[in-house]
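In: Quick one, fold the following:
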Amino acid sequence: MTQSTAIATRELTKTYKDVRALDNINLDLEAHRIYGLLGRNGAGKTTLMSILTGQNYPDHGTALIFGHEPFEHDPTLSRICFIRESQKYPEDFKVHQAFTAAAMFFENWDEQLAQNLVQDFGLPTKRRIKKLSRGQLSAVGVIIGMASRAEITFFDEPYLGLDAVARQVFYDRLVEDFAEHPRTIVLSSHLIDEVANLLEHVIVIDKGRIVIDADAEDLRGAAVTVTGEAAKVQEFIGAATVLHRDGLGALSSVTIKTQLDAERREQAKLMGLDLSPVSLQQFVVRSALSETATATGEKTEARS
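Out: Purely as a prediction, here's the structure:
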């Protein structure tokens, strides 16, 4: 573990009865970067974050935060903020009391940032937590997560209750504040295309296994969809890795994992083939399905 490493896991495994929630997870997350922890519901994201934040413990392997195991280690836990969608607060608390309690726990708490965000989200601070709408409750979590300015902050989709406009406010404010106050941020989300521009590194987990662990920039443009006459499409893609295949009669549409240079693009044009970019969300979904199918011996390609 280097000095710049904020989080490191080795052979991390967790099983619930007959379900292996985490299967031999090995990760290194550097400090001062924004990570996307992506995957389907039940993939293992929340279990991983629960272990990393000391709220659970593995059956096997290690999880280190700044070189220390977080479970029951107060000096380490004080450097972490974990905000989840189902975040619980004392129901009789008013909103401003939740912020006061957070300010007492997080030594880097920024009250001015909290108040600015309250204005941005139009949050009624004198209302009791139990009287808040889902969107308002989400705003409370987002504000605490950002204003805490914890060295490591985990957001386990607490912003799902926000409408599209409010989510965009969150994304914009997060980027602005991160630029001035860098820290390690882990965003768990299935709204991949919404958060794509925020992410510096992407981790995709599926059925408890890491299927993608790469810089976001390397994933952008890492795949392309080729559409046209089936025979020509097959000739063009050759031995490239196929992430997805659709077919209708003599036409075929195939998503392949490759980066095409200008010469290859010109070749596709001369062959009468259409090339379409693949969004980060499409790439993540197709890659995750492909990796999972390879691991289980299944076949994901559609037959034409």
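In: contacting residues around residue 63?
Out: The neighbourhood of residue 63, defined by C-beta atoms under 8 Å, 6 or more residues apart in numbering, consists of 7-9, 12, 51-52, 69-70. Where C-beta positions appear, they are placed from N, C-alpha and C, glycine not excepted.
In: Let me have these in JSON lines, extended by secondary structure.
Out: Shown next, in JSON lines, are the contacts of residue 63 (DSSP: H, G, I helix; E, B strand; the rest coil):
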{"residue": "7", "secondary structure": "strand"}
{"residue": "8", "secondary structure": "strand"}
{"residue": "9", "secondary structure": "strand"}
{"residue": "12", "secondary structure": "strand"}
{"residue": "51", "secondary structure": "helix"}
{"residue": "52", "secondary structure": "helix"}
{"residue": "69", "secondary structure": "coil"}
{"residue": "70", "secondary structure": "coil"}
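In: and residue 160, how far is that from residue 72?
Out: According to C-beta to C-beta, to the nearest Å, residue 160 and residue 72 sit 30 Å apart.
In: Neighbour count for the two, which is higher?
Out: residue 160 (14 against 9; other C-beta atoms under 10 Å).
In: Wait, the more buried one touches residue 87, no?
Out: No - with contact defined as C-beta atoms under 8 Å, residue 160 does not count as touching residue 87 (11.6 Å).
In: Give me the common contacts of these two.
Out: If you check residue 160 and residue 87 against C-beta under 8 Å, 6+ apart, no residue is contacted by both.
In: Residue 189 and residue 121: what is the separation?
Out: Counting by C-beta to C-beta, the gap from residue 189 to residue 121 is 18 Å.
In: same question, residue 136
Out: 8 Å.
In: can you tell me which residues contact residue 227?
Out: 233, 251-254, 273-276.
In: of all these, which comes closest to residue 201?
Out: Distance to residue 201 across the contacts of residue 227 (C-beta to C-beta) is lowest for residue 276, with 25.4 Å.
In: where's the nearest residue to the closest one once chain neighbours are set aside relative to residue 168, distance?
Out: Setting aside the residues directly before and after it, residue 276 is nearest to residue 225 in space (C-beta to C-beta, 6 or more residues apart in numbering), at 4.3 Å. Here residue 225 is placed at a distance of 28 Å from residue 168 (C-beta to C-beta).
In: any low-confidence regions in the chain?
Out: 1-3, 288-304 (pLDDT under 70).
In: so when I look at residue 98, I'm seeing a helix, right?
Out: Yes - Residue 98: assigned to a helix according to three-state DSSP.
In: looking at it, it is touching residue 143, isn't it?
Out: No - counting by C-beta under 8 Å, residue 98 stays clear of residue 143, with 9.0 Å between them.
In: could you check the distance from residue 81 over to residue 172?
Out: For residue 81, the distance to residue 172 - C-beta to C-beta - is 20 Å.
In: what about the residue nearest to residue 276, how many residues close to it?
Out: 19.
In: For it, give me its contacts.
Out: 244, 253-256, 275-278.
In: Now do the phi/psi pair for it.
Out: With angles defined as degrees, to the nearest 10, residue 225 sits at phi -100, psi 130.
In: CA atoms of the helix or strand harbouring residue 194 as CSV?
Out: Here residue 194 sits within helix 192-195, counting by DSSP states H and E. Extracted C-alpha coordinates of helix 192-195, given in CSV (Å, rounded to 0.1, in the frame of the first residue of the first chain):
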residue,chain,number,x,y,z
ILE,A,192,-24.1,5.7,-15.3
ASP,A,193,-24.5,8.1,-18.2
GLU,A,194,-25.6,10.8,-15.7
VAL,A,195,-22.4,10.5,-13.6
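In: who does the very next helix or strand once past it pair up with?
Out: Using DSSP H and E, the helix or strand that follows helix 192-195 in sequence is strand 201-206. Partner strands and pairing direction for strand 201-206 (DSSP bridges) are strand 34-38 (parallel), strand 209-215 (antiparallel).
In: Columns distance to residue 109 and mean neighbour count on top of these, output as JSON lines?
Out: Shown next, in JSON lines, are the strands paired with strand 201-206 (distance: least, C-beta to C-beta, whole Å; neighbours: other C-beta atoms under 10 Å):
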{"stretch": "strand 34-38", "distance to residue 109": "20", "mean neighbour count": "24"}
{"stretch": "strand 209-215", "distance to residue 109": "31", "mean neighbour count": "17"}
